[in-house]
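Novice: no FASTA, just this:
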């Protein structure tokens, strides 16, 4: 069953760190069965805390999503995301 990793950027505070993050996060998907569906497009918050932007990545299942998220390549990139912005990240199962 498909699974989706959702990254909601709430605030950016270091554009340089985010640029470096982007340079590492994208390539970290290589070798993983991932399909980016949303990459920082226009965002309109209808309810809840303001979202600056978001990313949604589809995986074939929860285990595949976890394998990428916990991979050494993404964990290295993740450190830069923590420096560059405040995010909410969650994994959800599709239908």
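Specialist: Yes, it's here. Just so it is clear, the structure is predicted and the values come from calculations on it, not from any experiment.
Novice: where does the protein have low pLDDT?
Specialist: Judged by pLDDT under 70, the chain has no weakly predicted residues.
Novice: so where do the helices sit in it?
Specialist: Using DSSP state H, the helices of the chain run over 15-28, 62-69, 72-84.
Novice: and the second one, what's buried?
Specialist: So that's helix 62-69. Neighbour counts over helix 62-69 (16 or more other CB atoms under 10 Å) mark 62, 64-65, 67-69 as buried. For glycine as for every other residue, the C-beta is placed from the backbone atoms N, C-alpha and C.
Novice: same question for stretch 36-48.
Specialist: Under the neighbour-count rule, stretch 36-48 has none buried (16+ other CB under 10 Å).
Novice: end to end, how far does that stretch reach?
Specialist: Its start and end residues considered, stretch 36-48 measures 24 Å (CA to CA, to the nearest Å).
Novice: span of stretch 49-67 from start to end?
Specialist: End-to-end distance for stretch 49-67: 29 Å, by CA to CA.
Novice: do you know how far residue 53 is from residue 30?
Specialist: From residue 53 across to residue 30, the span is 23 Å (CB to CB, to the nearest Å).
Novice: quick one, which of those two is more surrounded?
Specialist: Of the pair residue 53 and residue 30, residue 53 is the one with more neighbours under other CB atoms under 10 Å, namely 17 against 9.
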